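Q: What shape does this take:
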Amino acid sequence: MSIIQEFREFALKGNVVDLAVGVIIGAAFNGIVQSLVNDLVMPPIGWVTGGLDFSDLVLTLPPSPLAPAGADPVTIKYGQFITTLISFTIVAWVIFWVVKIINRMKRKEDAKPASAAEKPEDVKLLGEIRDLLKQQTPR
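A: Residues are numbered from 1 along each chain as shown. Prediction:
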């Protein structure tokens, strides 16, 4: 089997396609969550805290003696980290609820009684033979 045929088989498997769809939807969902956090969640938090913008919160380290003169100061952007943490929490919460709803639907499907499937022909014949043998044997 050539490498191209192997790759085609791999790429067209259901799991790979499902994963690709999941990644694409996840990337789009990330944009929605970023907008939710930056445009809807953080402004009221900034308003409550007196106009504090988390993305502007930084810790500036003192200049290093080894740094060349005029070098940009090193900053730790902990405000941006807080914003990212809020985004992650929202994504995790939404994914939790999606999985919870899917699991609930699966449990409902599993709880449904299986429809009585018709017995295969060989099983029917074996049952008939058993019944005939029971009738022939004296008790």
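
Q: Can you pull out the residues in contact with the helix or strand hosting Ile32?
A: For Ile32, the host element (DSSP states H and E) is helix 14-35. Helix 14-35 has contacts (C-beta atoms under 8 Å, 6 or more residues apart in numbering) with 10, 87, 90-91, 94. (Glycine included, C-beta is placed from N, CA and C.)

Q: Quick check on those residues: which are buried?
A: The neighbour count (16 or more other C-beta atoms under 10 Å) marks 87, 90-91 as buried among the contacts of helix 14-35.

Q: can you list the residues you listed in TSV and add distance to Ala117?
A: Listed next are the buried ones among the contacts of helix 14-35 as TSV, based on distance: C-beta to C-beta, whole Å:
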residue	distance to Ala117
Ser87	49
Ile90	45
Val91	43
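
Q: Can you tell me which of the residues you listed is closest to Leu57?
A: Of all these, Ser87 has the smallest distance to Leu57: 15.6 Å, by C-beta to C-beta.
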